[in-house]
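> I need the structure of the sequence given here:
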Amino acid sequence: MNIYKVLPDLTRERHLAIWHKALRSQWSAEDINWDRPQRITQGRLKDEMARILTPILMGEQAALYSVSSLIPVLGNNSEVESQFYLTTWAVDEARHTELFARYYRRLDREPLSIRRFQSGYLFQSRIASSEPAEWLAGVLVSEVLAKLVLEEFVRLDLDPVLSEICHGILEDEARHLGFNQIYMEDRFCQLFTTDGDRAPVAGASLHERIDTVLALVPPMFDAVSSELESVGIDRGMILERLIRDTNRRLDRSIERGRKQAEKEAVVGASVGRRSRRVPGRCGEPRSF
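Numbers count the residues shown, from 1 in each chain. Presented below is the predicted three-dimensional model:
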């Protein structure tokens, strides 16, 4: 048994704040009123929804596995506050998996098999990484995509149970995206502080990773194109917003990390500590 740190520092206040928010925001599939009348009654629409929901269910399961695998990685890095948060992220993904599995029972249908939906499998497998920043860059695409599609389901209000599920999951996704931003900001703050020349290279690498994952989205849409059109979801609009939002979110994290590094450098210089960095919001330097 490895004990990474007997007494954790717990100095990263923003990480702790989102961890505590996640703890207070937990909910369960048992909180859903599954007995409400079903609006999706036509067999054709049930078939279409079963196919459309396949990448969502697959994404929740894949996220559960990948998040769980990152928890010990953060422990090995002594990133305890981030490790705390990922435990709630894993719970979120487990809850989402249960919710959609139970919703398939409500539809009395099954999702597409991996054989019939290989594009979804390839998309999720591309996201996996044992390096937290690389994983977060890839999962940013998945999280933003889920957010956009679930917002469409809320807009369409096809079924009261599905709408309630989507409302709850969207709150969880907002926290996941918030953590993504906080973690990336801190990593780039560390990088700008310790090796500013590498920061643009690291940023470009993560953008390339996002582009690689984004390239696998259109084949997924192709597999359910007619179904999306039938229920009223514009795949072109979703893809356009997905590309814009993912890259903008990463750029924002990089820029905020840079500004925080500059701010901490000024504070350090003002107190005569030019030879070592004053501990700040981004914590102790770690390798990227």
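
> from the contact counts, what lies against the helix or strand encompassing residue 93?
Element membership of residue 93, judged by DSSP states H and E, is helix 80-107. The contact analysis (3 or more Cβ pairs under 8 Å, 6 or more residues apart in numbering; DSSP states H and E) places helix 80-107 against helix 13-24, helix 43-52, helix 54-76, helix 160-194. Every C-beta, even on glycine, is put in place using the N, C-alpha and C of the backbone.

> low-confidence regions, this protein specifically.
1-5, 269-288 (pLDDT under 70).

> which residue is nearest the middle of it?
For the chain, the residue nearest the mean C-alpha position is residue 143 (4.0 Å; Cα atoms, centre = their mean).

> ok, that residue to residue 154 distance?
Separation of residue 143 from residue 154 (Cβ to Cβ, to the nearest Å) stands at 16 Å.

> now do residue 56
13 Å.

> which of these two has more residues huddled nearby?
Taking neighbours as other Cβ atoms under 10 Å, residue 56 and residue 154 compare with residue 56 leading, 22 against 15.

> OK, contacts around the more buried one?
100, 146, 149-150 (Cβ atoms under 8 Å, 6 or more residues apart in numbering).

> and which of those residues is nearest residue 52?
Using Cβ to Cβ, residue 149 is the member of those that lies nearest residue 52, at 8.3 Å.

> next, work out how far apart the closest one and residue 211 are.
Per Cβ to Cβ, residue 149 is found 20 Å from residue 211.

> neighbour-wise, which of these two wins?
The neighbour count for residue 149 versus residue 211, taken as other Cβ under 10 Å, is higher for residue 149 (20 against 13).

> and the more buried one, what element?
Going by DSSP H and E, residue 149 is part of helix 132-156.

> what comes up buried for that helix?
132-150, 152-153 (16 or more other Cβ atoms under 10 Å).

> that one to helix 160-194, inter-axis angle?
If you take axes from the mean of the first three to the mean of the last three Cα atoms, to 10 degrees, helix 132-156 sits at 150 degrees to helix 160-194.

> how far does helix 132-156 sit from the chain's center?
6 Å (Cα atoms, centre = their mean, to the nearest Å).

> quick one, it and helix 43-52 angle?
160 degrees.

> next, the buried residues of stretch 257-271.
Neighbour-count burial for stretch 257-271 [16+ other Cβ under 10 Å]: 257-258, 260-261, 264-265, 268.

> could you do stretch 71-88 as well?
So for stretch 71-88, counting by 16+ other Cβ under 10 Å, buried means 71, 73-75, 78-88.

> ok, stretch 113-129 next?
Those would be 117, 119-121, 123-124, 126-127, 129, for stretch 113-129 by 16+ other Cβ under 10 Å.

> TSV please, covering these and showing distance to residue 48.
Converted to TSV, the buried residues of stretch 113-129 look like this (distance: Cβ to Cβ, whole Å):
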residue	distance to residue 48
117	14
119	18
120	16
121	21
123	20
124	22
126	26
127	26
129	33
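
> need those residues in TSV with secondary structure, can you?
TSV is the format used below for the buried residues of stretch 113-129 (DSSP: H, G, I helix; E, B strand; the rest coil):
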residue	secondary structure
117	coil
119	helix
120	helix
121	helix
123	helix
124	helix
126	helix
127	helix
129	coil
